[in-house]
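Trainee: Predicted model and sequence below, questions to follow.
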Amino acid sequence: MHPTSPGFETNDSMPRTLLLIPALTFAVLCVLWCTILLRLEVEKAAALRDTRLAARMLADSLRTHTLKTIHDVDEIALLVKYGYEKAHDAGRPFDLQSYQAHGLISSDTALQVTLVGPDGHVTMSTTPVTGVVDLSDREHFRVHRASPDVGLFISRPVIGRVSKHWSVQATRRLNNPDGSFAGVVVVSEDPAYLTDGFYNRTALGDHGMIAVVSRHGFMLSRRAENARSTAGQALPAGYDALLGEPETTLDDALDHVERIVAGSALDQYGLLAVAGLSVEDALDEYYRMRRVYVSMATVISLMLVGFAAWIMALIRKLLAGREELQRLSRLDRLTGLLNRGRISDLLTQAVAAADAAGRVAAIFVDLDDLKQLNDARGHQAGDTVLAALADRLRRVAGERGQIGRVGGDEFLVLVETVAANAGEVAALIVRESAEALHEPVMLLNGEPYRMKASFGMAVLEAFETADDLVRRADTAMYDAKERSRIKADGIWRARSRQPGGSEAPDRDAFNLRA
C-alpha cells in the first residue's frame with residue numbers, strides 16, 4: 001500500500017553521482033602524490049649518483065695530488081742520494097747544507113732531510129742535531145738494510161727523533177761503490193700536507209673528508225670538516241672496506257657522519273686516496289626541493305578537497321532545489337496532498353496493473369457549500385475548511401489510500417489492495433471519513449462550524465479505464481448530492497441507468513452524504 005502523502009521520488013543515480021566526486025578527487029590526489037613521490041625518488045637517486053661521481057673525481061684528484069707530493073719528495077731523495085754517492089766515490093765530503101742553501105730542498109715540500117749511516121746513527125740533517133740519534137730500530141732503516149731493491153719506501157707516520165713532529169719518512173738506500181749498504185737518505189714530510197694542501201670546502205662541502213691510507217692498515221693523513229689533519233692512527237672500522245671496494249657508503253666511526261666514500265689506489269706505493277662527501281650535504285638541495293614539492297602538493301590537495309567539497313555542496317543544494325521543485329510539482333500547496341496530475345498518474349498506473357479489477361477503488365469527495373462560505377466569510381475561511389478536510393482524509397486513509405486534490409473543493413482517494421477487496425476498504429474509509437466530518441472546524445458567529453461533503457465510490461471492473469472509474473465515482477458522488485435534498489443523512493445504493501429508463505443496482509459503487 002502506498003503512503004498517503006508521499007514526497008518526491010528519489011533518484012538513486014544522483015547519490016551515486018555524488019560519490020564519484022570524492023572518488024575522482026581521491027584518484028587525482030593519488031596521481032598527484034604518486035607523481036610527486038616518484039619525482040622526489042628520481043631526484044634523490046640523481047643527487048646520490050652525482051655525489052658518488054663527485055667523490056670518485058675528488059679521490060682521483062687527491063691521488064694525483066699525492067702522487068705529485070711523493071714525486072717531489074722522491075726527487076729530493078734521489079738528488080741527495082746521487083750527490084752523496086758521487087761525493088763518497090770521489091772521496092769528498094758531502095755538504096747537505098749547500099743543497100738547502102741553493103734551494104734544492106724546499107721547506108714547502110720537505111720538513112727535513114736526514115742522512116743515516118750504516119750503523120743507524122744520524123750523520124747530518126737540515127735540522128740541527130745534538131748528541132747521538134740512533135734510527136737503527138726504525139722500519140724505514142731496517143727495510144733498506146735488508147734489501148737493496150726496495151726503491152722509495154714510505155713509512156708509517158711517526159714522531160721524528162730529530163724534528164720532534166709527526167712525519168712520514170720517504171727513504172732511499174745509500175750504496176757504497178761496491179754496492180754494499182752505506183746508509184739511508186730520509187726525507188721527512190709533514191703528513192698534514194697531503195690533506196691540508198688539497199682540502200677545498202667548496203668541493204667537499206661542510207662535512208666532507210679526505211684521507212690517504214696505507215694498504216698495510218694505517219692512515220697517513222686524514223682531514224674532515226674544519227678539524228685539523230690527523231695521522232698515524234690504525235684504520236677505523238669500515239675503512240678497511242675501501243681497500244677492496246672503490247666506492248661505499250660509510251658511517252664514519254671517527255666523527256659519526258654518513259658519507260659516500262670513494263677510493264683511488266696508488267698501487268706502486270701501497271696507498272689509497274680517499275674522498276668522502278656527506279650524504280646530508282649531498283641531499284641538502286634535495287631536501288629543500290622536497291619541502292617545496294610537498295608544500296605545493298599539500299596546497300594543491302587542500303584546494304582540490306575544498307573544490308570537491310564546494311562542488312558537492314553545490315550539487316546537494318541543486319538536488320535539494322530539484323527535490324523541492326519535484327515535490328511542489330506533485331503536491332497541492334494549500335493542503336499538502338497530491339495534485340491533480342500526480343493522483344491521475346498514480347490512478348492510471350494502478351488501473352494498468354495486471355489483475356487490477358477488484359483491487360483498485362476510487363473515492364470522489366466534494367466539499368459542500370464552499371462557495372457560500374467564501375462569499376460570507378472570505379477565502380481564508382474557505383482555505384481553512386479545505387485544509388481541515390485534507391487533514392481528516394489523510395488521518396482516516398492512513399496507509400490504506402493516496403489522496404489528491406483534483407479541483408477547488410473536490411478530492412480523489414485512490415485505494416489499492418493486494419486482495420480483491422478494494423471495495424470493502426474504500427467503504428470503510430468513506431464511513432470513517434463521514435464520522436470525522438462531524439468534528440467542528442471553527443466557530444462562525446459563535447457557533448461551531450461543521451463541514452458537509454458528498455462521497456462517491458466505485459470499484460474497478462474488468463476492461464475499465466481510469467477515466468471510466470473516476471466517472472462512475474463522480475456520478476455516485478453527484479447522486480449523493482441529489483438525494484441529499486430529500487434526506488439529509490443516509491446511505492443508498494446508486495442506480496445505474498439502463499436502456500429504456502429502468503434502474504438496476506450497481507454492485508461496485510455507492511454514495512454517501514455527510
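Mentor: Yep, that arrived.
Trainee: drop to CA atoms for contacts and neighbour counts, all remaining ones
Mentor: Will do.
Trainee: Stretch 276-286: how far from the chain's middle?
Mentor: Taking Cα atoms, centre = their mean, to the nearest Å, one finds the center of stretch 276-286 at 26 Å from the center of the full chain.
Trainee: Span of that stretch from start to end?
Mentor: 19 Å (Cα to Cα, to the nearest Å).
Trainee: which parts of it are buried?
Mentor: Neighbour counts over stretch 276-286 (16 or more other Cα atoms under 10 Å) mark G276, L277, S278, V279, E280, D281, A282, L283, Y286 as buried.
Trainee: swap in stretch 385-405?
Mentor: For stretch 385-405, by 16+ other Cα under 10 Å, it's 385-390, 392-394, 396-398, 400-405.
Trainee: for stretch 176-190, same thing?
Mentor: Buried residues in stretch 176-190 (16+ other Cα under 10 Å): F181, A182, G183, V184, V185, V186, V187, S188, E189, D190.
Trainee: Could you give the average pLDDT over that stretch?
Mentor: In this model, stretch 176-190 has a mean pLDDT of 91.
Trainee: Check which helices and strands the helix or strand containing S433 sits against.
Mentor: For S433, the enclosing helix or strand under DSSP states H and E is helix 422-436. Using 3 or more Cα pairs under 8 Å, 6 or more residues apart in numbering; DSSP states H and E as the contact test, the elements touching helix 422-436 are strand 360-367, helix 379-397, strand 410-416, strand 453-459, strand 503-513.
Trainee: quick one: average confidence on that helix?
Mentor: The average pLDDT for helix 422-436 rounds to 92.
Trainee: Residues touching stretch 49-66, excluding its own?
Mentor: Contacts to stretch 49-66, defined as Cα atoms under 8 Å, 6 or more residues apart in numbering, come from residues 194, 198, 210, 247, 260-266, 272-277, 282.
Trainee: what separates V360 from Q349, distance-wise?
Mentor: With Cα to Cα as the criterion, V360 and Q349 are 11 Å apart.
Trainee: Those two: who's more crowded?
Mentor: V360 (29 against 12; other Cα atoms under 10 Å).
Trainee: Which pLDDT value goes with the more buried one?
Mentor: So V360 comes in at 95 (pLDDT).
Trainee: That one bridge partners, please.
Mentor: Note on V360: beta-bridge partners E416, judged by DSSP bridges.
Trainee: pretty sure it contacts L460?
Mentor: Yes. Counting by Cα atoms under 8 Å, V360 does reach L460; the two are 5.5 Å apart.
Trainee: Can you show me the helices along the stretch 101-250 of the chain?
Mentor: For the stretch 101-250 of the chain, applying DSSP state H, counting those that start in this stretch gives helices covering 139-146, 192-196, 201-204.
Trainee: Export those helices as a markdown table, with columns for distance to N445.
Mentor: Rendered in a markdown table, the data for the helices of the stretch 101-250 of the chain read as follows (distance: least, Cα to Cα, whole Å):
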| stretch | distance to N445 |
| --- | --- |
| helix 139-146 | 136 |
| helix 192-196 | 118 |
| helix 201-204 | 106 |
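Trainee: Determine which stretch of these is the most buried.
Mentor: Stretch with highest mean neighbour count among those: helix 192-196 (a mean of 21; mean count of other Cα atoms under 10 Å).
Trainee: just how off-centre is that one within its chain?
Mentor: On Cα atoms, centre = their mean, the centre of helix 192-196 falls 49 Å from the chain's centre.
Trainee: which strands and helices sit next to that helix?
Mentor: helix 13-90, strand 209-214, strand 219-224.
Trainee: roughly how far apart are the closest residue to N374 other than its chain neighbours and T335?
Mentor: Spatial nearest neighbour of N374, chain neighbours left out: G382 (5.3 Å); criterion: Cα to Cα, 6 or more residues apart in numbering. Distance of G382 to T335, given as Cα to Cα: 12 Å.
Trainee: What does the pLDDT read for the closest residue to E410 other than its chain neighbours?
Mentor: Leaving aside its sequence neighbours, E410 sits nearest to D366 (Cα to Cα, 6+ apart; 4.5 Å). If you check D366, the pLDDT there is 92.
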